[in-house]
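# can you look at this prediction? I've put the sequence above it.
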Amino acid sequence: MTDSKYFTTTKKGEIFELKAELNSDKKEKKKEAVKKVIASMTVGKDVSALFPDVVNCMQTDNLELKKLVYLYLMNYAKSQPDMAIMAVNTFVKDCEDPNPLIRALAVRTMGCIRVDKITEYLCEPLRKCLKDEDPYVRKTAAVCVAKLHDINAQLVEDQGFLDTLKDLISDSNPMVVANAVAALSEIAESHPNSNLLDLNPQSINKLLTALNECTEWGQIFILDCLANYTPRDDRESQSICERVTPRLSHANSAVVLSAVKVLMKFMEMLPKDLDYYGTLLKKLAPPLVTLLSAEPELQYVALRNINLIVQKRPEILKHEMKVFFVKYNDPIYVKLEKLDIMIRLASQANIAQVLAELKEYATEVDVDFVRKAVRAIGRCAIKVEQSAERCVSTLLDLIQTKVNYVVQEAIVVIKDIFRKYPNKYESVIATLCENLDSLDEPEARAAMIWIVGEYAERIDNADELLESFLEGFHDESTQVQLQLLTAIVKLFLKKPTETQELVQQVLSLATQDSDNPDLRDRGYIYWRLLSTDPVAAKEVVLAEKPLISEETDLIEPTLLEELICHIGTLASVYHKPPSAFVEGSRGVMHKRLPARTGSGEGTECPDVGNAAGGSAPEAAPSIIPSQGDLLGDLLNLDLAPPTTAGPTPSTSGMQMGGMDLLGGGLDSLMGAGFGAAPAVMPASLNAPVGGGLGDLFDLGGGVGMPMGAYIPPKTVWLPAMKAKGLEISGTFARRAGVIQMELVLTNKAMSVMTDFAIQFNRNSFGLAPAGPLQVLTPLGPNQTIEVSLPLSTVGPVMKMDPLNNLQVAVKNNIDVFYFSCQYPISMLFVEDGKMERQVFLATWKDIPNDNESQFQIQDCHLNSEAASNKLQGSNIFTIAKRTVEGQDMLYMSIKLSNGIWVLAELKVQAGNPNYTISLKCRAPEVSQCVFQCYEAVLKN
């Protein structure tokens, strides 16, 4: 009879009966009773009351009974820690049992009992088992070290178990090696900076030897460990690849993907002209194709990984297009993934084949799949120019089917084709307009409106078409409303006489009747453009558009590199780095592919900016023009002479940190606004600003700044040759809680300069003059005057690049001059930035590990005491200090004027001029500027 009988009983008073049976003298009865206890425990009954009776059954030679008792112990030890100690003696005794199975069982169970009181008793038996003569016991003990480290890391380090674990990598038994690698990898993941797996060519050789002989999961652990190693040169890289390649033919798909990960990483170091490089590319294709003959779930995982591989190295699978053709019985998630890879592999050589397939798919019954297939035809047109005509005619055939969702998808992709190939396929517009009434999806409606607006001059009844959309303007989605607004403005600029009423109607709907801020703002911008300068409006709205790129959905290169290093894991299925979905990990390492050594084409390190003069990656579109154009609203300055009768500028927009688009922006710099104090000016610098915001912006004085605050040397911000003889140099300082802009104005012209005024553009931290520029006497030729301008931090805010960039307009009787300068962010470090220890600790844990940045400060010869004092002068406060192995660790806090906290850990080693600093902040973009401040303060 099977053990299922133990799960069928529901008697009352069972605990009492079991207690009697557990204390029976008959071994068989005892075993039956323990089985009943385990069955009750499995179905969720509380049998913890039997703890002492079950523990008594441990003293037995019967392996089956011992396993059952150990199972019970693992489950209840946490809720009965005091009683669990009763079992310790038996564990210790079992660890010296002549039977290796019992020794291994004892050490495994002890590792699973997560009770602090027991862990200290575990150390001695574990030490013996790690050096046991039987490999089965050693491999079990290796995993136990990782479990123990999770419970009490300090204990494991103090007892020297980590060193013993490292020694096991050289063990003669491959399974012991694999488990030692697995345990060390597990520990290293939770302590990313510990450098436990200190891999070198000798240890790599041992791992590769063990790789051939251990079980499949052992092979996966070893391959994952190899993937973290960076070879010294291309020869070592090739040698490792040669020894890993046989794993590609393994039956277990996890082993195959782990081997692919290692090869993809090490291929980075091989020169492309090497014969072996080509051979390796050919060898990688068959195992990936084989993965696609598994069951659908495995296929999906394989396809997600292949998607990454194809983005990195499309040449591996360029001849394997047919395996990605969809089968009728594939589940939808496999079909969609295959479709994605087909597009990535599409080229001039196979495009005819691909298009025939896609056209077939577009007649399927699955709506999601059909949509994706139609979209895929458009993506092929954009990717392979020679196929564009064939793709367009295929899309027109599909539109003729009059199937609603096919038509809508086709219109969306045709819009993209127009963007890629302007003035080439516009003959199809008439066909598109016929289907106008059937469009009910926002994306399709928006695409059609864009086409009508863009090609309004070719469509006779464009105004009627757009008017038909306008009737239900408020019921449309935001996407359609925005597109309709732009399209009607384009139509007006092309046919102004016929569409004046239409444009006024849409501008009125967008600005007066809409609650959507995006729509309102765009409406105001168009209104203002059209009313002030129609020629400029034409240049802006009808400007030539950049062609869209071939692959818009490629994964960003640095993320792709990281995901390639995680092939075969969940990260490669989600297409997200582990830090995005692993919660509570104490530190997720960001992995990168190694740089290529064998040829000239190095892989640039993504962390290095453009400082070295290399060309930067394509910049993201900025909200304002580049600094050379002198930015944003500073261009709106009215250069008329000051008048006294002008209206007083409204201050509400500035106080809200916003700007009234129709009210002239910084036009108020001139006229009444420029010579007078700026709109946001506290009555006194010691008074709270903005009605109770004083504590937030920390403008209240009263806190004396320690002596020795760092002030950067003055630099020339505006040379005389660029400002008609006016030279401006300066620096920034923070004194008694007030930020000062210290200016030196020099007149190198032949005429006298008067009527000085200053204004700032919006900036990252809301810096604004807190009073007028006090140049009380005229500045004669060859005269110099020093002026200190107090600043507040309640001006309008806009993120700048770099973050601490400040754009300034200075006006005098001659002209208005513009310059930009960078302020040290330490000017914004406020005096109440010292955090309580407990708050510091909680905040450090609470800030995600992704927000941590690490930097090196080189050639700094201060001890930790001197460094701490010096930093405190600039409001960088030391919270705590501890010394670990001769290295001083200073924990520091900084508070910025806008309430952002930055936490820091500074490592200072006696005799070592290089410091390491780790910064954590909820706004990580601040970290680079804060590091620069540390460097400047400590080195000056």
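Sure, I can see it.

# show me where the stretch 451-600 of the chain dips below the pLDDT cut-off.
550-553, 583-590, 595-600 (pLDDT under 70).

# let's go with 90 and repeat that
451-477, 491, 493-506, 508-516, 527-562, 564-566, 568-569, 576-600 (pLDDT under 90).

# just the helices in it please.
462-470, 478-494, 500-511, 517-532, 534-541, 557-564, 570-574 (DSSP state H, counting those that start in this stretch).

# output these as JSON lines; include the columns distance to F51.
The C-beta positions use only the backbone N, C-alpha and C, and glycine is treated the same way. Formatted as JSON lines, the helices of the stretch 451-600 of the chain follow (distance: least, C-beta to C-beta, whole Å):
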{"stretch": "helix 462-470", "distance to F51": "75"}
{"stretch": "helix 478-494", "distance to F51": "63"}
{"stretch": "helix 500-511", "distance to F51": "73"}
{"stretch": "helix 517-532", "distance to F51": "64"}
{"stretch": "helix 534-541", "distance to F51": "79"}
{"stretch": "helix 557-564", "distance to F51": "48"}
{"stretch": "helix 570-574", "distance to F51": "38"}
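
# K907 contacts I917, doesn't it?
Yes. Under the criterion of C-beta atoms under 8 Å, K907 makes contact with I917 at 7.4 Å.

# the two: who's more crowded?
I917 (22 against 18; other C-beta atoms under 10 Å).

# helices or strands next to the host helix or strand of I414 in the packing?
Here I414 sits within helix 404-420, counting by DSSP states H and E. Using 3 or more C-beta pairs under 8 Å, 6 or more residues apart in numbering; DSSP states H and E as the contact test, the elements touching helix 404-420 are helix 367-383, helix 388-400, helix 442-454.

# right, and those - which one's nearest C821?
Across those, the minimum distance to C821, taken as C-beta to C-beta, is reached by helix 442-454, at 41.8 Å.

# any chance of the helices of the stretch 451-600 of the chain in TSV, plus mean neighbour count?
Converted to TSV, those look like this (neighbours: other C-beta atoms under 10 Å):
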stretch	mean neighbour count
helix 462-470	18
helix 478-494	23
helix 500-511	18
helix 517-532	16
helix 534-541	14
helix 557-564	19
helix 570-574	18
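
# what are the boundaries of the helices in the stretch 51-200 of the chain?
51-56, 63-76, 81-84, 88-94, 100-112, 116-130, 135-151, 153-158, 161-167, 174-190.

# worst average pLDDT in the ones you listed?
With a mean of 73, helix 81-84 has the lowest mean pLDDT of the helices of the stretch 51-200 of the chain.

# from the contact counts, what lies against the next helix or strand after the helix holding I414?
Toward the C-terminal end, the helix or strand that comes next after helix 404-420 (DSSP H and E) is helix 429-434. Where contact means 3+ C-beta pairs under 8 Å, 6+ apart, helix 429-434 is packed against helix 388-400, helix 442-454.

# quote the end-to-end distance of stretch 446-466.
11 Å (C-alpha to C-alpha, to the nearest Å).

# got a pLDDT number for K206?
For K206, the model assigns a pLDDT of 84.

# which ones are touching it?
Going by C-beta atoms under 8 Å, 6 or more residues apart in numbering, K206 touches 169-170, 177.

# what do you get for S477?
Applying C-beta under 8 Å, 6+ apart, the residues near S477 are P442.

# with L207 instead?
Taking C-beta under 8 Å, 6+ apart, one finds 169, 177, 181, 222, 225-226 in contact with L207.

# can I get these in CSV with neighbour count and distance to T401?
Shown next, in CSV, are these (neighbours: other C-beta atoms under 10 Å; distance: C-beta to C-beta, whole Å):
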residue, neighbour count, distance to T401
I169, 23, 64
V177, 30, 62
V181, 28, 58
I222, 27, 55
C225, 25, 55
L226, 24, 53
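
# the closest residue to F829 other than its chain neighbours: what secondary structure?
Among residues not flanking F829 along the chain, N875 sits closest, at 3.7 Å (C-beta to C-beta, 6 or more residues apart in numbering). The three-state label given to N875 by DSSP: H, G, I helix; E, B strand; the rest coil is coil.

# can I assume N875 is in contact with I825?
No. N875 lies out of contact with I825 (C-beta under 8 Å); the separation is 11.1 Å.

# state the distance from the closest residue to L547 other than its chain neighbours to V413.
In space, and not counting its chain neighbours, L547 is closest to K420: 5.8 Å by C-beta to C-beta, 6+ apart. Distance from K420 to V413, counting by C-beta to C-beta, to the nearest Å: 10 Å.

# quick one, which of those two is more surrounded?
Taking other C-beta under 10 Å, K420 and V413 do not tie; V413 has more neighbours (22 against 18).

# neighbours around S788, how many?
S788 is flanked by 13 other residues according to other C-beta under 10 Å.

# end-to-end on stretch 491-505?
End residues of stretch 491-505 are separated by 13 Å (C-alpha to C-alpha).

# what of stretch 208-224?
12 Å.

# hmm, who's touching it?
174-175, 177-179, 181-182, 185, 207, 226, 240, 243-244, 246-247, 250-252, 254-255, 258-259, 261-262, 568.

# ChimeraX command to pick out the buried ones of the residues you listed?
Applying 16 or more other C-beta atoms under 10 Å to the contacts of stretch 208-224, the buried members can be selected in ChimeraX as follows:
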select :174,175,177,178,179,181,182,185,207,226,240,243,244,247,250,254,255,258,259,261,262,568
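
# do you know how far the nearest residue to A749 once chain neighbours are set aside is from L745?
Of all residues not flanking A749 in the chain, G725 sits nearest, at 2.6 Å (C-beta to C-beta, 6+ apart). G725 sits 11 Å away from L745, going by C-beta to C-beta.

# for K35, same thing?
Distance from K35 to L745, by C-beta to C-beta: 93 Å.
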